[in-house]
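[1] when you get a sec, could you give me coordinates for this:
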Amino acid sequence: MANYKKPRLRDAAFKRFLSVVLVTLFGVLLLIGSFRTNGTPASNGLDEDLSASVDSESSSEKLNLPKQNEFSIQLEKLNRLPPRNIDLYPKLAKDHITIVLYVHNRPQYLQVVVKSLSKVVGIAETLLIVSHDGYFEEMNKIVEGIKFCQLKQIFAPYSPHVFTDSFPGVSSNDCKEKDDAAKKHCIGNTDQYGKHRSPKIVSLKHHWWWMMNTVWDGLKETRGHDGHILFIEEDHFIYPNAYRNLQLLVSLKPNKCPDCYAANLAPSDVNSRGEGWDSLVAERMGNVGYAFNRTIWRKIHRKAKEFCFFDDYNWDITMWTTVYPSFGSPVYTLRGPKTSAVHFGKCGLHQGQGQSNGCIDNGIVNIQVDDTDKLANIRAEWDVRVYDNQSGYKAGFKGWGGWGDDRDRQMCLNFAQMYHSYNTSSAVMS
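    Residues are numbered from 1 along each chain as shown. Below you'll find the predicted structure:
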């Protein structure tokens, strides 16, 4: 018996030793890969970023999404890269609120919002996700220069800007403006005003919806995050106290305004800087600096059909006039009496790219930041004033059009199912 046990013991010891060696080696390789990906040198271009990515099955093979071109596939690979700057900020704060900045192609605007974010108190504690509507080198370079927090970039792989000769971009046989499809032998459905789709316009709504589904259900960094996520755009100036004020609003919301769906950094009226009262304010949800949690996202996601079939190219107007009213009760958001974010863009859609047509008050942004804007200025003891009746888009508005093509509606519905149909993790669907 003794002669039998000794070899077994030696074999077991050797196996344990071999396991330790293999685990250690694997850890070293991971560490090296992490330094290469997250170190201070930023990538010099798209191809270098792609070399660090891994292949995975495309969602277009599982859903009726447009057939991807090589560029679209490359962007999906970029989306799987880990966050940057982990070497500088290895840990996120336990109570952090992830920030999502969604951008189009307005470099002048982006430089302003990035500079304002760099001065936000607490920004180093959290993760900043920048969602790009397609890929534009100048926009990418600005984002890659961010060093003040953990940073993750994602690129909409089905953006019309990525498809130059096929849907969701412009196809050669697409109908244009008010073409008669039967006479012109072209394809496409008109909106309620008789106009055919414009890829540049529909990309606004597509990007927002793709981004929401991806952030909440697709990214490993956020799909398990149940707390609030803050959403801002490239033409939003963020005050230094925005993050601390938002943390206070989120903590106060359950008791101060249990019926509030979200927290906002700014009034719903983009021209307002707040009332200056010694009280919190509950009003309809604004589109500048809004934050909500997964519970609210699930309610929104269940209204995918309402969102995708409403004939308006604006995501916010779609939400105000069809999604929120379908909840059956008023949708309030909680905010402070003084704004912590400002909408400074004067051009809509994707304008404002070039130096000659920049829409930032003749190339200058002059937003006053007072001492009270630098530190949290919300008080826990304040009561809440409620705006019961507010002007603005409401249920019954038929929309501004631009969203009548069946292909756009179907792709929108497919975005809602991307991670529900092919992601194998049950945790994503909980």
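
[2] how far does the strand or helix carrying residue 412 sit from its chain's centre?
    Element membership for residue 412 (DSSP states H and E) is helix 406-421. From the chain centre to the centre of helix 406-421 is a distance of 17 Å (Cα atoms, centre = their mean, to the nearest Å).

[3] what's in contact with it?
    Applying Cβ atoms under 8 Å, 6 or more residues apart in numbering, the set of residues contacting helix 406-421 from outside is 59, 62-66, 158, 167-168, 188-189, 197, 202, 205-206, 209-210, 213-214, 217-218, 223, 301, 304-305, 307-309, 403, 428-429. Heads up, the C-betas are built off the backbone N, CA and C, glycines and all.

[4] drop anything exposed from those residues.
    59, 63, 65-66, 158, 167-168, 188, 197, 202, 205-206, 209-210, 213-214, 217-218, 223, 301, 304, 307-309, 403 (16 or more other Cβ atoms under 10 Å).

[5] for this structure, give me the ranges with low pLDDT.
    1-62, 346-364, 421-430 (pLDDT under 70).

[6] that one: helices as residue ranges?
    2-38, 46-50, 70-78, 107-118, 137-144, 181-184, 199-217, 242-256, 294-301, 304-309, 315-318, 406-421, 426-429 (DSSP state H).

[7] next, the angle from the fifth one to helix 107-118.
    If I follow you right, that is helix 137-144. Calculated by axes from the mean of the first three to the mean of the last three Cα atoms, to 10 degrees, helix 137-144 forms an angle of 10 degrees with helix 107-118.

[8] check the third one too.
    Orientation note: helix 70-78 sits at an angle of 0 degrees relative to helix 107-118 (the same axes, to 10 degrees).

[9] doesn't residue 263 make contact with residue 253?
    Yes: in this structure, residue 253 is within contact of residue 263 by Cβ atoms under 8 Å, at 6.0 Å.

[10] quick one: common contacting residues for these two?
    Listed as contacting both residue 253 and residue 263 by Cβ under 8 Å, 6+ apart are residue 334.

[11] tell me which of those two has more neighbours.
    With neighbours defined as other Cβ atoms under 10 Å, residue 253 and residue 263 compare such that residue 263 has more, 29 against 25.

[12] next up, the contacts around the more buried one.
    Residue 263 makes contact with 228, 246, 249-250, 253, 290-292, 333-335, according to Cβ under 8 Å, 6+ apart.

[13] redo the residues you listed as a markdown table? Include distance to residue 318.
    Below are those laid out as a markdown table (distance: Cβ to Cβ, whole Å):
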| residue | distance to residue 318 |
| --- | --- |
| 228 | 22 |
| 246 | 25 |
| 249 | 25 |
| 250 | 25 |
| 253 | 25 |
| 290 | 15 |
| 291 | 19 |
| 292 | 16 |
| 333 | 17 |
| 334 | 23 |
| 335 | 22 |
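
[14] buried subset of those residues?
    Buried, going by 16+ other Cβ under 10 Å: 228, 246, 249-250, 253, 290-292, 333-335, out of the contacts of residue 263.

[15] which among those residues gets closest to residue 106?
    Each of those was checked against residue 106 using Cβ to Cβ; the closest is residue 290, at 20.0 Å.

[16] so how many other residues sit close to the residue nearest to residue 240 when sequence neighbours are not counted?
    Counting by Cβ to Cβ, 6 or more residues apart in numbering, residue 240 lies nearest to residue 374, which is 4.5 Å off, once chain neighbours are set aside. Look at residue 374: counted by other Cβ under 10 Å, it has 15 neighbours.

[17] now residue 240
    For residue 240, the neighbour count with other Cβ under 10 Å is 21.

[18] could you measure from it over to residue 375?
    8 Å (Cβ to Cβ, to the nearest Å).

[19] circling back to that earlier point, and which of the buried ones among the contacts of residue 263 is nearest to residue 117?
    Using Cβ to Cβ, residue 246 comes nearest to residue 117 of the buried ones among the contacts of residue 263, at 12.9 Å.

[20] was I right to think that closest one contacts residue 266?
    No: between residue 246 and residue 266 there is no contact, the gap being 11.1 Å when judged by Cβ under 8 Å.

[21] tell me how far residue 326 lies from residue 204.
    Distance of residue 326 to residue 204, given as Cβ to Cβ: 21 Å.

[22] which one of the two is surrounded by more residues?
    Between residue 326 and residue 204, counting by other Cβ under 10 Å, residue 204 is the more crowded of the two (21 against 13).

[23] hmm, the more buried one is touching residue 314, no?
    Yes: look at residue 204 against residue 314 with Cβ under 8 Å: they come within range, at 6.7 Å.

[24] buried sites along stretch 143-158?
    Buried residues in stretch 143-158 (16+ other Cβ under 10 Å): 143-144, 146, 148-158.

[25] may I ask which two of these are separated the most?
    148 and 158 (30.4 Å).

[26] give me every residue that touches residue 256.
    280, 334, 384.

[27] equivalent analysis for residue 159, please.
    Residue 159 neighbours (Cβ under 8 Å, 6+ apart): 133-134, 168, 203, 206-207.

[28] tell me who's in contact with residue 244.
    121-122, 375-376.

[29] neighbours of residue 380, just the number please.
    10.

[30] that one and residue 275, how far apart?
    Per Cβ to Cβ, residue 380 is found 19 Å from residue 275.

[31] check residue 316 too.
    Taken as Cβ to Cβ, the span from residue 316 to residue 275 is 22 Å.

[32] more neighbours: these two, which one.
    Neighbour count, other Cβ under 10 Å: between residue 316 and residue 275, residue 316 has more, with 17 against 14.
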